[in-house]
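Student: only geometry, no sequence info:
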């Protein structure tokens, strides 16, 4: 059985509150979870792959980025912005 695992967050921004309320009411059977690791966004043109991802097809899904995003803080910022 699916349990509601939402927790109260200290959301001070309106975007955070809006997103939390939207997620709290979203049907659990329609949410997908994706996992990715070793992204290395700053190597071998990998950023082009990120830019090809749809802005619409994954709006209600979750992605877990598990390490090795890039070698610099700038690479991390770019990766988080793209996701």
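Tutor: In hand now; what should we look at? Worth saying up front: this structure is predicted, and the values here are computed from it rather than measured.

Student: Let me see the contact set for the residue lying closest to residue 75 once chain neighbours are set aside.
Tutor: Spatial nearest neighbour of residue 75, excluding adjacent residues (Cβ to Cβ, 6 or more residues apart in numbering): residue 42 at 4.1 Å. C-beta here means a position set from N, CA and C on the backbone, and glycine is covered the same way. Residues near residue 42 by Cβ atoms under 8 Å, 6 or more residues apart in numbering: 70-72, 74-75, 78.

Student: Pull out the buried residues from these.
Tutor: Buried members of the contacts of residue 42, counted by 16 or more other Cβ atoms under 10 Å: 70, 75, 78.

Student: so what's the last one up against?
Tutor: The one in question is residue 78. Residue 78 neighbours (Cβ under 8 Å, 6+ apart): 41-42, 47, 70.

Student: Let's see which of those end up in helices.
Tutor: Judged by DSSP state H, helices contain the following of these: residue 47.

Student: before we move on, the earlier item: find the pair from the contacts of residue 42 with maximum spatial separation.
Tutor: 71 and 78 (11.8 Å; Cβ to Cβ).

Student: So what does the spatially most central residue of the chain have for phi and psi?
Tutor: Note on the chain: the residue nearest the mean C-alpha position is residue 63, at 4.4 Å, using Cα atoms, centre = their mean. Taking degrees, to the nearest 10, you get phi -120, psi 140 for the backbone angles of residue 63.

Student: Could you find the closest non-adjacent residue to it?
Tutor: In space, residue 63 is closest to residue 34, 4.8 Å off (Cβ to Cβ, 6+ apart).

Student: Just list whatever residues bridge to residue 65.
Tutor: residue 36 (DSSP bridges).

Student: surely it meets residue 76?
Tutor: No: using Cβ atoms under 8 Å, residue 65 is not in contact with residue 76; the gap is 9.5 Å.

Student: hmm, back to that, what's the residue nearest to the centre of the chain in contact with, if anything?
Tutor: 33-36, 83.
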